[in-house]
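Peer 1: make a model of this:
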Amino acid sequence: MKPTHSFKCIALLTAICMAFSLRAQGAAAPAAVPANATATPVTVNTIFGDHMVLQREMVVPIWGKAGAGEKITVSFAGQTVTAVAGADGKWVAKLSPMKASAESRTLIVNGGSRLEFQDVLVGDVWVCSGQSNMELSAGAPPPPPGTPPPARPLNVGLPDATREQEVAAANHPAIRFNKISSVMSLQPVNEVKGQWVLSTPETMRGFSTAAYFFGRELNQKLGVPIGLVGAYYGGANGVSFTRREALLAEPELKPQIDALDARIAQRGTTTDRYTPTVFYNGMIAPLMPFAIKGVLWYQGEADTANAPQADRYATLFQAMIKDWRAQWKQGDFPFIFVQLPTSEPQYPDPTDSAWARVRESQQKALSVKNTFMIVLLDISGGEKVHAPNKKEVGLRLSAAALNGVYGKKDVLYQGPFFKSMEIKNGTAVLSFDHVGRGLVVKNPDGMKGFAIAGADKNFVWAEARIVGNKIIVSSPSVKQPVAVRYAWADNPVFSVSSKDNLPLAPFRTDDWAAGTAGKVSNPRAAP
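Peer 2: Numbering: from 1, shown residues only. Below you'll find the model as predicted:
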């Protein structure tokens with residue numbers, strides 16, 4: 001062997017030893033071991049990492065960058081697939097569908113260098129997105145005894161009485177989290193910043209509480225690994241999670257892009273959580289085309305500023321769902337969302353409500369294929385929008401998935417929905433879908449929250465009673481009823497559920513524009 005060859009071998013062995021040393025020290029990214037001295041090291045998109053979960057039973061794209069024309073091989077679970085990097089260096093290899101497996105295995109990528117990803121499982125991956133109610137975590141441990149309480153109560157996802165008990169029980173090695181760092185961008189970015197970690201008491205504290213309990217229930221009921229990708233930001237509105245082209249395609253939404261472009265031309269590229277497209281570009285687009293089972297969505301509070309914005313949310317939300325699916329190119333994957341909880345003070349008279357209009361806009365999204373909605377009126381926090389009820393939210397989300405996605409029809413998640421109204425002898429007779437084993441009054445004060453109006457559109461509180469699977473609504477001051485509303489308020493009174501303890505969804509039988517019916521004692525309801 002010539003001396004120059006000897007030196008090359010020693011250099012290669014040194015690089016390999018350094019790579020193994022870094023991995024032994026817990027390096028966040030896998031070390032790239034050069035295949036030869038001149039090749040461009042292969043890279044893989046940062047959504048991939050140690051401890052990740054890959055989606056079962058569908059094609060799994062693995063992608064990254066390498067030298068132009070470089071041949072890439074990806075090996076995992078007995079498969080070896082190849083790709084060739086294009087002129088721009090981009091490559092995509094596709095693993096064939098795999099069965100779920102909790103076996104810890106290694107995914108290997110070879111090209112101009114070698115990458116190894118350890119402890120990879122195969123199961124179901126859910127993207128968990130939205131704003132602060134999705135973001136709420138269990139939070140930091142309580143302060144030691146004798147420590148002064150914080151100046152402001154912490155917003156956490158669990159009540160103090162059970163929080164530490166739930167945290168201590170969060171060791172679930174087959175549940176993996178990847179909390180994506182919050183990035184705002186006016187242009188789509190290529191990669192996210194995040195790290196796959198096992199569910200432990202320490203990691204669960206910093207992850208979405210609702211998503212954690214959703215994943216825990218699926219893992220226990222289905223017996224498959226669950227990967228949860230957290231892509232959320234407190235206070236974000238709907239347009240910030242929607243692609244520019246999707247907004248431009250809707251005449252009702254296009255003015256928001258026009259206003260954004262005009263603002264940029266005048267003031268430059270400043271952004272905030274209300275800027276259209278910024279979270280789609282910074283947190284959602286770079287996830288694509290990572291193989292997923294579906295999406296959880298808990299957002300809408302930031303779209304209650306006024307009635308027009310609330311009404312526009314119907315168009316926005318449906319456009320967003322359809323566009324995410326179109327860009328992901330994985331079909332009509334399940335989209336499970338939370339209808340807005342309660343918030344703000346209660347008003348003495350029936351009034352219009354931007355929160356109620358957003359709830360209605362959300363319910364309209366059920367017309368989109370493979371969507372599912374959970375209702376929270378019975379477990380909301382009154383005036384407290386950040387209620388510590390996220391375990392119940394997660395369990396209800398999991399029930400929607402088990403029933404609607406996984407076909408376990410014995411698991412119920414949907415309460416009664418308004419179906420139709422018939423006027424009989426001065427009363428409004430209401431019929432419902434999804435009544436289950438029947439309707440029941442759950443409010444100790446009786447059938448509250450129903451309002452009725454005649455042709456003058458003046459709503460008054462009404463009397464209501466259950467007759468079989470129908471509700472009869474009337475008022476002595478409204479001789480000829482025209483419309484009925486139930487739980488139509490920011491912070492409505494809840495009073496009816498099915499006998500399966502699932503709440504009647506809020507509704508109205510009219511379609512009257514904001515400002516034309518009901519008192520506008522709530523400034524948010526102004527047209």
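Peer 1: surely residue 461 meets residue 447?
Peer 2: No - the criterion here is Cβ atoms under 8 Å, and residue 461 misses it with residue 447 at 10.5 Å. (C-beta placed from N, C-alpha, C; glycine too.)
Peer 1: so, low pLDDT: which residues of the protein?
Peer 2: 1-38, 150-154, 518-527 (pLDDT under 70).
Peer 1: ok, residue 124 - contacts?
Peer 2: Taking Cβ atoms under 8 Å, 6 or more residues apart in numbering, we find residue 124 in contact with 53, 55, 56, 100, 218, 222, 224, 225, 226, 227, 293.
Peer 1: so which of the residues you listed sit within helices?
Peer 2: Judged by DSSP state H, the contacts of residue 124 include 218, 222 as members of helices.
Peer 1: pull the contacting residues for residue 97.
Peer 2: 56, 57, 58, 59, 60.
Peer 1: sorry, wrong one. I was asking about residue 177.
Peer 2: Counting by Cβ under 8 Å, 6+ apart, residue 177 has contacts 196, 197, 198, 199, 203, 204, 207, 212, 228, 230.
Peer 1: what's across from it in the sheet?
Peer 2: residue 197, residue 228 (DSSP bridges).
Peer 1: check the gap between it and residue 203 for me.
Peer 2: 6 Å (Cβ to Cβ, to the nearest Å).
Peer 1: between these two, which contacts overlap?
Peer 2: Contacts common to residue 177 and residue 203, judged by Cβ under 8 Å, 6+ apart, are residue 197.
Peer 1: how many other residues sit next to the closest residue to residue 204 other than its chain neighbours?
Peer 2: Nearest residue to residue 204 in three dimensions, chain neighbours excluded: residue 170, at 3.7 Å (Cβ to Cβ, 6 or more residues apart in numbering). Residue 170: 20 surrounding residues under other Cβ atoms under 10 Å.
Peer 1: swap in the one 4 residues further on?
Peer 2: Neighbourhood size, residue 174 [other Cβ under 10 Å]: 20.
Peer 1: isn't it right next to residue 123, touching?
Peer 2: Yes - under the criterion of Cβ under 8 Å, residue 174 makes contact with residue 123 at 7.2 Å.
Peer 1: residue contacts, the residue nearest to residue 204?
Peer 2: By Cβ under 8 Å, 6+ apart, residue 170 lies in contact with 199, 200, 201, 203, 204, 212.
Peer 1: 7 Å instead?
Peer 2: 199, 200, 201, 204 (Cβ atoms under 7 Å, 6 or more residues apart in numbering).
Peer 1: ok, now residue 80?
Peer 2: residue 73.
Peer 1: is it in a helix, a strand, or coil?
Peer 2: strand (DSSP: H, G, I helix; E, B strand; the rest coil).
Peer 1: in the sheet, which residues pair with it? Tell me.
Peer 2: If you apply DSSP bridges, the partners that residue 80 bridges to are residue 75.
Peer 1: would you map the helices across the chain?
Peer 2: 3-24, 132-135, 160-168, 201-204, 209-222, 244-248, 254-267, 278-279, 307-328, 354-364, 390-404.
Peer 1: the ones you listed: which one's closest to residue 144?
Peer 2: Smallest distance to residue 144 across those (Cβ to Cβ): 13.1 Å, for helix 160-168.
Peer 1: show me what that closest one is packed against.
Peer 2: helix 201-204 (3 or more Cβ pairs under 7 Å, 6 or more residues apart in numbering; DSSP states H and E).
Peer 1: okay, buried residues for the helix it packs on please.
Peer 2: 203, 204 (16 or more other Cβ atoms under 10 Å).
Peer 1: same deal with stretch 252-262?
Peer 2: 253, 256, 257, 260.
Peer 1: find the nearest non-adjacent residue to the first one, please.
Peer 2: Read it as residue 253. Nearest to residue 253 is residue 247, by Cβ to Cβ, 6+ apart, at 4.5 Å.
Peer 1: what's the burial count for the one you found?
Peer 2: 25.
Peer 1: correct me, but it touches residue 256?
Peer 2: Yes - if you go by Cβ atoms under 7 Å, residue 247 and residue 256 touch, sitting 6.0 Å apart.
Peer 1: name the residues contacting each of the two.
Peer 2: Common neighbours of residue 247 and residue 256 (Cβ under 7 Å, 6+ apart) are 239, 276.
Peer 1: in this structure, which residue is closest to the centre?
Peer 2: By Cα atoms, centre = their mean, the mean C-alpha position of the chain lies nearest to residue 297, the distance being 2.5 Å.
Peer 1: list the ones among the contacts of residue 124 that fall in strands.
Peer 2: 53, 55, 226, 227 (DSSP state E).
Peer 1: turn these into JSON lines, including distance to residue 106 and neighbour count.
Peer 2: JSON lines is the format used below for those (distance: Cβ to Cβ, whole Å; neighbours: other Cβ atoms under 10 Å):
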{"residue": "53", "distance to residue 106": "14", "neighbour count": "27"}
{"residue": "55", "distance to residue 106": "18", "neighbour count": "23"}
{"residue": "226", "distance to residue 106": "20", "neighbour count": "28"}
{"residue": "227", "distance to residue 106": "17", "neighbour count": "26"}
